[in-house]
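Asks: sequence first, predicted model second:
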Amino acid sequence: MTYSEAAKIVLEQSEVPMRVDDIWNKAIELGLDKEIEKTLDGKMSKTPVASLGAKIYTEIKYNPNDTIFIKTGKGKFFLKSKIDNNNQNIIVEEDNDEDSDDDTINNQTTNANKIFEADLHKPLTQFLNSMKIYSKTINANATDVSIKGKMRWGTPDIVAVTFKDYINKPILELFNHINLPTTQIYAYELKVELKLNNLVQHYFQTLSNSGWANEAWLVAKDIDVDNLDLMEELKRLNQSFGVGIIHLNYDNPEDSNILFSAQKRAYLDIETMDKLCQNEQFKDFIDDVNEILDAPTKSKNNIIYGMIKNNRLNNPN
């Protein structure tokens, strides 16, 4: 049994749209999680709710004509077949993704001052650098031509690293003895705006693209923090899935606000990172991190500054 098949069974029994975590909880109640685990030979995802959500959203986003699912108001999903005259009060969300390529092209001539997703890389880089987090923009197209397109849902907008080698040697030794990491890897997804009708898709895209990192972050320029429904949904998603939220100050990046902190993962997903290394820019980032880690402690800062100077790190392009 697949995640999609399990979601279909659950939604067929429901008279109302459901959130992803509610779908999964019902699937467990029905014993469907065991069937999925059998299909996957016991190798089910450590974050099954995230896998379920990413699967449903991916189908809606990239196979809108073939999928059985539909997205409804406030981050819920339902079956297309159950949208009829008996439940016309259900609000069906249209996929108005302001970051789509077509919208960008169509608006360039009429909205010269409009801010696009690509414009957010520089201010986020400045914000991260202020916290000694060294970043690199990753272009999803920097992937071997034979697998381009397959990697779109897996490549974050920005990856970053921070080191704790500046702390006292006894503390470093303690970290090693109790197996705590002194290096943290981050993944960031950037969006111009977060609002209720795009929150779920952006959140699960971030989760899907960032599940391999120590911390996953969703960054947006425009977030209506006075919208209580939006903030409550952000809080709920953060508590359930751990993706952090940054409200990016475009004009004064160092004044950006962390609305919800990311939950730290102790271990990296090495298999996924290995696949991501098919992207040349991601592989270069990993090579640079290894070079810094292999260097003597006294040389690390010089190497980092050299990489920044040569646009190997902090290159928001």
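Replies: Received, thanks.
Asks: residue ranges of the helices in the chain, please?
Replies: For the chain, applying DSSP state H gives helices covering 3-12, 20-29, 32-39, 48-62, 101-107, 121-129, 169-177, 196-210, 228-241, 270-276, 280-294, 297-309.
Asks: name the helices or strands packed onto the third one?
Replies: Based on contacts counted as 3 or more Cβ pairs under 8 Å, 6 or more residues apart in numbering; DSSP states H and E, the elements that helix 32-39 packs against are helix 3-12, helix 20-29. Where C-beta positions appear, they are placed from N, C-alpha and C, glycine not excepted.
Asks: recalculate using a threshold of 6 Å.
Replies: Using 3 or more Cβ pairs under 6 Å, 6 or more residues apart in numbering; DSSP states H and E, no helix or strand is in contact with helix 32-39.
Asks: quick one on the thing from earlier: including mean neighbour count, mean pLDDT and distance to residue 83, could the helices of the chain go into CSV?
Replies: Converted to CSV, the helices of the chain look like this (neighbours: other Cβ atoms under 10 Å; pLDDT from 0 to 100; distance: least, Cβ to Cβ, whole Å):
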stretch, mean neighbour count, mean pLDDT, distance to residue 83
helix 3-12, 20, 92, 11
helix 20-29, 19, 91, 17
helix 32-39, 16, 88, 23
helix 48-62, 21, 80, 13
helix 101-107, 11, 41, 26
helix 121-129, 21, 95, 38
helix 169-177, 11, 66, 54
helix 196-210, 23, 86, 17
helix 228-241, 16, 91, 22
helix 270-276, 14, 89, 35
helix 280-294, 16, 93, 40
helix 297-309, 14, 89, 52
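Asks: need those helices in TSV (columns: distance to residue 69).
Replies: Shown next, in TSV, are the helices of the chain (distance: least, Cβ to Cβ, whole Å):
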stretch	distance to residue 69
helix 3-12	7
helix 20-29	10
helix 32-39	16
helix 48-62	5
helix 101-107	23
helix 121-129	32
helix 169-177	45
helix 196-210	12
helix 228-241	19
helix 270-276	25
helix 280-294	30
helix 297-309	44
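Asks: name the residues linked to residue 79 by a beta bridge.
Replies: Beta bridges link residue 79 to residue 69 when assigned by DSSP bridges.
Asks: any idea how far it lies from residue 57?
Replies: As judged by Cβ to Cβ, to the nearest Å, residue 79 and residue 57 stand 15 Å apart.
Asks: can you check residue 237 too?
Replies: Distance of residue 237 to residue 57, computed by Cβ to Cβ: 13 Å.
Asks: ok, residue 22 next?
Replies: From residue 22 to residue 57 the distance is 15 Å (Cβ to Cβ).
Asks: got it, and residue 156?
Replies: From residue 156 over to residue 57 the distance is 16 Å, taken as Cβ to Cβ.
Asks: pLDDT at residue 90, what is it?
Replies: We have a pLDDT of 55 for residue 90.
Asks: look at stretch 223-231 and report the distance between its end residues.
Replies: This stretch, stretch 223-231, spans 9 Å end to end (Cα to Cα, to the nearest Å).
Asks: likewise stretch 240-249?
Replies: End-to-end distance of stretch 240-249: 26 Å, with Cα to Cα as the criterion.
Asks: residues contacting the residue nearest the centre of the chain?
Replies: Taking Cα atoms, centre = their mean, the centroid of the chain lies closest to residue 206, which sits 1.5 Å from it. Residue 206 makes contact with 189, 216, 218, 243 under the criterion Cβ atoms under 6 Å, 6 or more residues apart in numbering.
Asks: one step back: can you say which of the helices of the chain is nearest to residue 72?
Replies: For residue 72, the closest of those is helix 196-210, at 10.0 Å, according to Cβ to Cβ.
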